[in-house]
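Colleague: here is a sequence with its predicted model. Questions after.
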Protein chains: 4
Amino acid sequence: MGKKSERKKQYIRETARKVFIEKGYKNVTMKDVVEACQISRGGLYLYYASTQELFLDVLKMESEDTGDTFSEAISNNASPADILGLFLEEQKKELLRKEDTLVVATYEYAFDQEKPENDTYLRNQFQEAVTIIERLIMLGVRSGEFVCRDPHAAAKHMMYAIEGLKISAKTMGITEQTVDEEMNYLMSFLVGDDEE
Amino acid sequence: MGKKSERKKQYIRETARKVFIEKGYKNVTMKDVVEACQISRGGLYLYYASTQELFLDVLKMESEDTGDTFSEAISNNASPADILGLFLEEQKKELLRKEDTLVVATYEYAFDQEKPENDTYLRNQFQEAVTIIERLIMLGVRSGEFVCRDPHAAAKHMMYAIEGLKISAKTMGITEQTVDEEMNYLMSFLVGDDEE
Amino acid sequence: MGKKSERKKQYIRETARKVFIEKGYKNVTMKDVVEACQISRGGLYLYYASTQELFLDVLKMESEDTGDTFSEAISNNASPADILGLFLEEQKKELLRKEDTLVVATYEYAFDQEKPENDTYLRNQFQEAVTIIERLIMLGVRSGEFVCRDPHAAAKHMMYAIEGLKISAKTMGITEQTVDEEMNYLMSFLVGDDEE
Amino acid sequence: MGKKSERKKQYIRETARKVFIEKGYKNVTMKDVVEACQISRGGLYLYYASTQELFLDVLKMESEDTGDTFSEAISNNASPADILGLFLEEQKKELLRKEDTLVVATYEYAFDQEKPENDTYLRNQFQEAVTIIERLIMLGVRSGEFVCRDPHAAAKHMMYAIEGLKISAKTMGITEQTVDEEMNYLMSFLVGDDEE
DNA sequence: CATGAATGAGAGTTCATTCAT
DNA sequence: GATGAATGAACTCTCATTCAT
């Protein structure tokens, strides 16, 4: 029965996700997963041949589960500025979250790949975010809320700054206040109420 | 012989540095280092008890070796804009460099620490850079080259963006053009020749 | 349904035969057989509890299928020398054949048995061949084609030499020319056209 | 100290030899060897990376240790017939020996190689024996003890027969009487006292 | 009868770490 | 100080075998 099997795979994926969140990528062994899932060694191999395969599936699940909150907000015809604010708020929550985040594991995984080019997940996430922000900025410019000459460059810039915040949060640590300052700084460029 | 001993330690450190550059942090074993150094297993333990200890010493050496080019340029009384341009150029080179960089190992090491707060190296590097940039901006504002209301926030912002570029380069890959665009974008805020 | 069941068993046997031919005896796992047969793991166990059991059944099938060509030739009242020539030709083909032969698996199986005495298959094959050759020699002697004082010893000797060729072919390799030379050598003793 | 290390390697080799004698080739695991040697898992890997490597070294040792009895007998200027008799006696002892023989393991190893051609050990042994026998026959012919038209063919034939006896002994079993008969049969060809 | 998910024993391999020399 | 042999824990991975459905 494919269904039962798929449910178990799903279970393993979800359990493994927690393990990756807790331990990162490189520190996770098949044994860790086996123990977390409370299944047998061989049982795990029935579904996944390596932590890499497992992690990739976790990431895939991750991409499928997210991105919805957005389309929702957008279709709710909130103002671009509001939506962007929402987005930044979301990012802030994500990057301040200590538990329940795959960020570290994802970076670690990326580092482990021979060529960065091979790692499509992070790039896709990034590109997708850039596209959304760019669209929001353009909408905002049209509605007069935003001032921006090059929405694409601005969007990319925002994402690089956020990426910088993310990695900083996970490596050197960061305070909520610092994040807020940065987020405001990012918005201030677009609002352009004053010259800078 | 403290001296001879210190020379050997130095040798191990430098050789290990190359290993960390090549393989990152987590992938390096004591065995790797022993082989790279062509010394005995026991010999290595005489100086370092773990790859962590070794890596920390490599980082320490790293901090000591750098940071000098700058003070130099500053004392050469070049214009702040030039120096900042130089700094960005330096960052660009660093982040596009595929070989000969400890960036990945350093991040990996940071991830491996229980609390980000424990990892002083990255934070120190970051803070130092922020301080320098901030100082440059203030000088530039005073000389009329730059326009900036909050030099500290601007400096921090620059560093977060750079950090974002760095991690992106190592995970998703990045083109030189993209880096140039970002760098120009960062400068454009300060020059303020036009409203944005 | 005994019949349906027997047909399936037959199918497994035949498929497994190919696997044994390809991989020998010890290298074959129940998994290999399951995969080759495209049946379920449990399904296989319904018929065979181990590769040993399976191999024994393959061998049994083998004995049943062969030995017929001969009785045929004999009853065709060809001359003993011709029939023996035919037999040697047959052996030559068999031992030069790289694919489609159970020779290696059979030896491997025999090695795996605690006591050689337990392995009746090879001995039976051998005895049977000796008997046939002996009979042929006796017929040839009677008809004046062969010269031989001790047909039984001669027959056994032939078979040992052939066995030697067989194992040599599978272990060190052998050329067709070498086989031909040996076969001629074996015949020359019986023909006795010249003193040796 | 290379010496100490070599002594240990020697010890492992000798101990492993016993294991191969007892269990054949394919049945031997690194664990078996570790236990027989009473050393640690890692300790064995320090010297040998696989049972194959180990077995090859055992075989190499084997070739070095043997072959001496012969040259000795030859230089003792015994008659060719005596030496050949001695050789056959030796072979008889070897093939009847149940314990203390690597024959099975060697065959098993040979079967396990992809191409029989790769397995030089058996072929070398065989060739060497053929050469020696051939030389003896030629000497015997010259001295009038033997009658033989084609010493090379005769030598090869003897070896194939012996090979056949060997494998038969290990697979179907063989009695001492049968071996004696065969050996006599082989000698009778050379002595040529009667036509057969 | 048949399936295939699940188990767990066991083989292979690698390394951090110690210690006699 | 320095060596490198030795240990043993930890991991990866594969199958024979069972059993609920």
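Modeller: That came through fine.
Colleague: so how far is DNA strand E from A:Glu90?
Modeller: A:Glu90 sits 36 Å away from DNA strand E when distances are taken as Cβ to the nearest atom of the strand, to the nearest Å. (Each C-beta comes from the backbone N, C-alpha and C, glycine too.)
Colleague: and that residue, how many neighbours does it have?
Modeller: 14 (other Cβ atoms under 10 Å in any protein chain shown).
Colleague: which SS state does it fall under?
Modeller: Following DSSP: H, G, I helix; E, B strand; the rest coil, the label given to A:Glu90 is helix.
Colleague: before we move on, what about the one 10 residues further on?
Modeller: Under the three-state scheme (three-state DSSP), A:Asp100 adopts coil.
Colleague: can you get me a residue count around it?
Modeller: Other residues near A:Asp100 come to 10 when the count uses other Cβ under 10 Å.
Colleague: distance of the spatially closest residue to it that is not a sequence neighbour from D:Lys156?
Modeller: Excluding the flanking residues, the one nearest A:Asp100 by Cβ to Cβ, 6 or more residues apart in numbering or on different chains is A:Ile21, at 5.9 Å. The gap separating A:Ile21 from D:Lys156 is 71 Å, by Cβ to Cβ, to the nearest Å.
Colleague: neighbour count: the two, which is higher?
Modeller: D:Lys156 (24 against 17).
Colleague: ok, that one - contacts?
Modeller: By Cβ atoms under 8 Å, 6 or more residues apart in numbering or on different chains, the contact set of D:Lys156 is C:178, C:181-182, D:130.
Colleague: from DNA strand E, how far out is the residue of chain A found nearest DNA strand F?
Modeller: Closest residue of chain A to DNA strand F, Cβ to the nearest atom of the strand: A:Gly42 (2.9 Å). From A:Gly42 over to DNA strand E the distance is 2 Å, taken as Cβ to the nearest atom of the strand.
Colleague: burial count for that residue?
Modeller: Neighbour count of A:Gly42, defined by other Cβ under 10 Å: 8.
Colleague: give me the pLDDT for it.
Modeller: Among the per-residue scores, A:Gly42 holds a pLDDT of 96.
Colleague: and for A:Ser71?
Modeller: 65.
Colleague: same question for A:Leu95.
Modeller: Note for A:Leu95: predicted pLDDT of 91.
Colleague: quick one, phi/psi of it?
Modeller: phi -80, psi -20 (degrees, to the nearest 10).
Colleague: got a list of what it touches?
Modeller: By Cβ under 8 Å, 6+ apart, the residues touching A:Leu95 are A:103, A:162, A:165-166, A:169, A:174, A:179.
Colleague: could you count how many residues lie near the residue lying closest to A:Tyr160 once chain neighbours are set aside?
Modeller: Nearest residue to A:Tyr160, sequence neighbours excluded (Cβ to Cβ, 6+ apart): B:Gly164, at 3.6 Å. For B:Gly164, the count of nearby residues is 25 (other Cβ under 10 Å).
Colleague: quick check: domain ranges of chain A?
Modeller: Domains of chain A are assigned by automatic domain parsing as A:2-58, A:66-191.
Colleague: from those domains, which stretch is densest packed?
Modeller: Neighbour counts (mean count of other Cβ atoms under 10 Å in any protein chain shown) averaged over each of these peak at domain A:66-191, with a mean of 17.
Colleague: can you confirm whether it lies near DNA strand F?
Modeller: No: Domain A:66-191 lies out of reach of DNA strand F by Cβ under 7 Å from any atom of the strand, never closer than 13.1 Å.
Colleague: what's the weakest-modelled helix or strand in chain A?
Modeller: The weakest-scoring helix or strand in chain A, judged by mean pLDDT, DSSP states H and E, is helix A:68-75 (a mean of 64).
Colleague: after the longest helix anywhere in chain A comes which helix or strand?
Modeller: Longest helix in chain A by number of residues (criterion: DSSP state H): helix A:120-143. Per DSSP states H and E, the first helix or strand lying C-terminal to helix A:120-143 is helix A:151-171.
Colleague: what about the residue nearest to A:Asp100, distance to A:Thr15?
Modeller: The value you get for A:Ile21 to A:Thr15, if Cβ to Cβ is used, is 11 Å.
Colleague: and A:Leu84, by the same measure?
Modeller: Following Cβ to Cβ, the distance that separates A:Leu84 from A:Thr15 is 35 Å.
Colleague: first-to-last residue distance for stretch A:95-107?
Modeller: 13 Å (Cα to Cα, to the nearest Å).
Colleague: for that stretch, the distance to its chain's centre please.
Modeller: Relative to its chain's centre, stretch A:95-107 lies at 9 Å (Cα atoms, centre = their mean, to the nearest Å).
Colleague: quick one: mean pLDDT for the longest helix of chain A?
Modeller: Computed over helix A:120-143, the average pLDDT equals 93.
Colleague: tilt between it and helix B:151-171?
Modeller: Counting by axes from the mean of the first three to the mean of the last three Cα atoms, to 10 degrees, helix A:120-143 lies at 140 degrees to helix B:151-171.
Colleague: what lies in contact with helix A:120-143?
Modeller: A:56, A:59, A:63, A:67, A:70, A:79-81, A:83-84, A:87, A:106, A:110, A:146-148, A:151-152, A:154-156, A:158-159, A:163, A:190, B:168, B:171-173.
Colleague: give me the contact list for stretch A:182-196.
Modeller: A:81, A:84-85, A:88-89, A:91-92, A:137, A:140, A:145-148, A:154, A:158, A:161-162, A:165, B:147-149, B:153, B:156-157, B:160, B:189, B:192, B:195-196.
Colleague: apologies, that question was intended for stretch A:14-21.
Modeller: A:28, A:32-33, A:36-37, A:54-55, A:58, A:61-62, A:99-102, A:105.
Colleague: now the end-to-end length of stretch A:110-124.
Modeller: End-to-end distance (Cα to Cα), stretch A:110-124: 13 Å.
Colleague: please save the CA atoms from whichever strand or helix holds A:Val19 in PDB.
Modeller: Applying DSSP H and E as the criterion places A:Val19 in helix A:2-23. What follows is helix A:2-23, C-alpha atoms only, in PDB (Å, rounded to 0.1, in the frame of the first residue of the first chain):
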ATOM      1  CA  GLY A   2       1.700   3.100  -1.300                       C
ATOM      2  CA  LYS A   3      -0.400   5.200   1.000                       C
ATOM      3  CA  LYS A   4       0.700   3.700   4.200                       C
ATOM      4  CA  SER A   5       4.300   3.800   3.000                       C
ATOM      5  CA  GLU A   6       3.900   7.500   2.100                       C
ATOM      6  CA  ARG A   7       2.600   8.300   5.500                       C
ATOM      7  CA  LYS A   8       5.600   6.700   7.200                       C
ATOM      8  CA  LYS A   9       7.900   8.500   4.900                       C
ATOM      9  CA  GLN A  10       6.100  11.700   5.800                       C
ATOM     10  CA  TYR A  11       6.500  10.800   9.500                       C
ATOM     11  CA  ILE A  12      10.300  10.200   9.100                       C
ATOM     12  CA  ARG A  13      10.600  13.400   7.200                       C
ATOM     13  CA  GLU A  14       8.900  15.400   9.900                       C
ATOM     14  CA  THR A  15      10.800  13.700  12.700                       C
ATOM     15  CA  ALA A  16      14.100  14.200  10.900                       C
ATOM     16  CA  ARG A  17      13.300  17.800  10.400                       C
ATOM     17  CA  LYS A  18      13.300  18.300  14.100                       C
ATOM     18  CA  VAL A  19      16.600  16.500  14.300                       C
ATOM     19  CA  PHE A  20      18.100  18.800  11.700                       C
ATOM     20  CA  ILE A  21      16.700  21.800  13.500                       C
ATOM     21  CA  GLU A  22      18.300  20.700  16.700                       C
ATOM     22  CA  LYS A  23      21.700  19.500  15.400                       C
END
